[in-house]
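Enquirer: A structural model of the following input is requested.
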Amino acid sequence: LFPYSISNKREVAYLLYKDIITSEELIAYIAPAKANSPLKRYEAAVLLTKAMGKEKEVMNKSFTILSFDDVGQIPMDARPYVECVQKNRIMGGMTEKEFGPNVNVTRAQMAVMLHRVMKFNEAHRHTVMGTITSVDTNNNKVTIKNVVDALRTYEIDKDTILRIDGAPALLKDYTPNTEVYLTFQEDKLYMIEGIAPEIDKTVEGVVTFIRRTGSDRLIRIRVTDEDGGTETQEYHVDSAVEVIYDGKEETLGKVSTADYVVMDIKNDKIIRIVGEKRIRTVKGIVQGIMLGQTLRLQVETEDGNNEEYTVVSDVEVIKNNRRTDLRSIRQGDKVEVTLEYNEVIKIEATSVRRTAEGTIEEMVISATPSIKIRHQGEIRHYEMVRHVEISINGNTTKDDKSFEIYDLRLGYPVTLTIDSDIVVRIEAKTAGNTQQMTGSVELVNESYAFLNIAVTDAITGDTARHQVFVKPRASIVNSNTSRNITLSDINRGDIVTVIGTMDSGVFEATAIVVIN
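Expert: Sure, this is the predicted structure:
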């Protein structure tokens, strides 16, 4: 928070710690030009929902229904949050028919709403304090000894927030004897907050000598400094040393010379060793390549961790079974990375090709062009190759010239071909062109005249889900009887063909044929 001149840094830091705001969002709230701007009611709805721990629940909703007449003034992304605070009686409307999303929130109003959130959290959350006795990273479980020495094992799922000393953490970062606070929301483990044991320093290097037996166990390692120079350092091993080798709990006997180790030192003794073999492989998905004095590869590994590795200058690269170079590696590629002392010496990559549908929300034309599309209320962002292939209404040229990004328009329905997270082809249709799709009905809502259908691609077998709004005078026909029917006659599981137009991201049906 040091770049910002504000008096309540502790309070803002607490909001960051609780994930109520992100560091990227700070500029929108406390930058000098905006710090004194009043909070809007729709913005308050977003922050209060996060304070209740309801954001993941909100983000998983497929659609939102609000009865306010001014719902069109509420930003699309904020509507699920408004629904959440209304349903939980944290915020109401300015009147029965108006929410007033752009009305400024007063301090008195915010005090009342925060009080309601506190009462909500008191009713739905509780905290358990204890000490970790063991961590099972293979089965995502942790065993805690509470203040009365009772042991209990808890399962950790993908939504559980993990922190150590206030920073985001992974389950493997927790060690025995770590003090923790477990927060439960509606009896589900919501957050684990740990206080890391104090250490004097951490050193890493290659083991050159190890004495595992006797009262004076020790390890010598070769340490490399920033200038490439090396020196040998020697440390004695604590009697209660913790050893993690290749991601598993082991004994000191597993560590050998030539292994790469990271060691925590306290009172000149090694209290924790994390070791790995000289040569090892890692499988995962490329998240990015960082250019600098040393090139670094970011990989999301199979166990869900985000790791970053230095790449040697003469790295061997094979992609799609062909020898190539680093320029062919893209974000989203599946890779098997060979590491020697934690540096990448070989990359074997495979492209991952898929498609995505939606309507164009935004395009950025630059040295690294990108596109945003909206699909069922969700906005997705993709980078594009500079010379992306484009077709419009099935044509790739106009007046003997290939289509360019400049020929696309906001609101066009598009199908993107994505090669390892990079768009290589865009198939667009001009907004308003008649389209049709056939699929299975998953939901019918008569009140709001829409239905959800699942459409399966006959070639790839992939299934996409679409929300279809039915126009007031749409023709609905039963193909077996050739009779006109109503929306209430359509049932879940029916196979239907819908005909209509895509406009501003919404498919509006003018005709529906019920096939069975």
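
Enquirer: point to the helix or strand of the protein where mean pLDDT is at its lowest.
Expert: Sorting the helices and strands of the chain by mean pLDDT, DSSP states H and E puts helix 26-30 at the bottom, at a mean of 75.

Enquirer: which other helices and strands does that helix contact?
Expert: If you count contacts as 3 or more CB pairs under 8 Å, 6 or more residues apart in numbering; DSSP states H and E, helix 26-30 packs onto helix 9-17. For every residue, glycine as well, the C-beta is placed using N, CA and C.

Enquirer: before we move on, what SS does Asn139 have?
Expert: coil (DSSP: H, G, I helix; E, B strand; the rest coil).

Enquirer: so what's it up against?
Expert: Glu155 (CB atoms under 8 Å, 6 or more residues apart in numbering).

Enquirer: any idea how far Thr131 is from it?
Expert: 20 Å (CB to CB, to the nearest Å).

Enquirer: one more: Ser420?
Expert: Ser420 is 44 Å from Thr131, by CB to CB.

Enquirer: now the end-to-end length of stretch 403-414.
Expert: In terms of CA to CA, to the nearest Å, the two terminal residues of stretch 403-414 are separated by 14 Å.

Enquirer: next, the buried residues of it.
Expert: 403, 405, 408, 411-414 (16 or more other CB atoms under 10 Å).

Enquirer: got the residues you listed as a markdown table, with secondary structure and distance to Arg272 columns?
Expert: Shown next, in a markdown table, are those (DSSP: H, G, I helix; E, B strand; the rest coil; distance: CB to CB, whole Å):
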| residue | secondary structure | distance to Arg272 |
| --- | --- | --- |
| Phe403 | coil | 58 |
| Ile405 | helix | 52 |
| Leu408 | coil | 54 |
| Gly411 | coil | 56 |
| Tyr412 | coil | 56 |
| Pro413 | strand | 55 |
| Val414 | strand | 51 |
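
Enquirer: and the residues you listed, which is closest to Asp303?
Expert: Val414 (34.5 Å; CB to CB).

Enquirer: residues touching that closest one, list them.
Expert: Contacts of Val414 (CB under 8 Å, 6+ apart): 357-360, 373, 408, 426-429.

Enquirer: if we use 10 Å, what do you get?
Expert: 356-360, 371, 373, 390-392, 408, 423, 425-429, 502 (CB atoms under 10 Å, 6 or more residues apart in numbering).

Enquirer: in ChimeraX, select just the buried ones from those.
Expert: A single ChimeraX command selects the buried members of those (16+ other CB under 10 Å):
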select :356,357,358,359,360,371,373,390,391,392,408,423,425,426,427,428,429,502
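
Enquirer: in strands only, show me the contacts of Val414.
Expert: Members of those lying in strands (criterion: DSSP state E): 356-360, 371, 373, 390-392, 423, 425-428, 502.

Enquirer: show me which of the residues you listed has the smallest pLDDT value.
Expert: Minimum pLDDT for the ones in strands among the contacts of Val414 is recorded at Met502 (71).

Enquirer: how near is the residue nearest to that one when sequence neighbours are not counted to Asp462?
Expert: Nearest in space to Met502, with sequence neighbours left out and distances taken as CB to CB, 6 or more residues apart in numbering, is Pro413 at 4.2 Å. From Pro413 across to Asp462, the span is 17 Å (CB to CB).

Enquirer: buried residues in the longest helix along the chain?
Expert: Ranked by residue count, the top helix of the chain under DSSP state H comes out as helix 107-124. For helix 107-124, a neighbour-count test (16+ other CB under 10 Å) marks 113, 116-117, 120, 124 as buried.

Enquirer: how near is the residue nearest to Met502 to Ile373?
Expert: 9 Å.

Enquirer: which residues are in contact with each of the two?
Expert: Counting by CB under 10 Å, 6+ apart, the residues touching both Pro413 and Ile373 are 357-360, 505.

Enquirer: which among those gets closest to Pro472?
Expert: Gly505 (20.0 Å).

Enquirer: look at the closest one and report its pLDDT.
Expert: 59.

Enquirer: and if you look at the one 10 residues further on?
Expert: Model confidence at Ile515, given as pLDDT, is 88.

Enquirer: how about the contacts made by it?
Expert: Applying CB under 10 Å, 6+ apart, the residues near Ile515 are 438, 478-480, 494-497.

Enquirer: circling back to that earlier point, would you mark the buried spots in the least confident helix or strand of the chain?
Expert: 26, 29-30.

Enquirer: let me have these in TSV, extended by distance to Lys97.
Expert: Formatted as TSV, the buried residues of helix 26-30 follow (distance: CB to CB, whole Å):
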residue	distance to Lys97
Leu26	35
Tyr29	30
Ile30	34
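
Enquirer: closest one of these to Thr510?
Expert: Nearest member of those to Thr510, counting by CB to CB, is Tyr29, at 44.7 Å.

Enquirer: does that closest one touch Ser23 like I think?
Expert: No - when contacts are counted by CB atoms under 10 Å, Tyr29 is not listed as touching Ser23 (11.2 Å).

Enquirer: beta partners of the nearest residue to Val364 once chain neighbours are set aside?
Expert: Sequence neighbours aside, Ser370 is the residue nearest to Val364 in space, at 4.7 Å (criterion: CB to CB, 6+ apart). Beta-bridge partners recorded for Ser370 (DSSP bridges): Val364, Glu383.

Enquirer: ok, Ser370 to Leu48 distance?
Expert: Distance from Ser370 to Leu48, by CB to CB: 32 Å.

Enquirer: compare the two (neighbour count), which wins?
Expert: Leu48 (23 against 15; other CB atoms under 10 Å).
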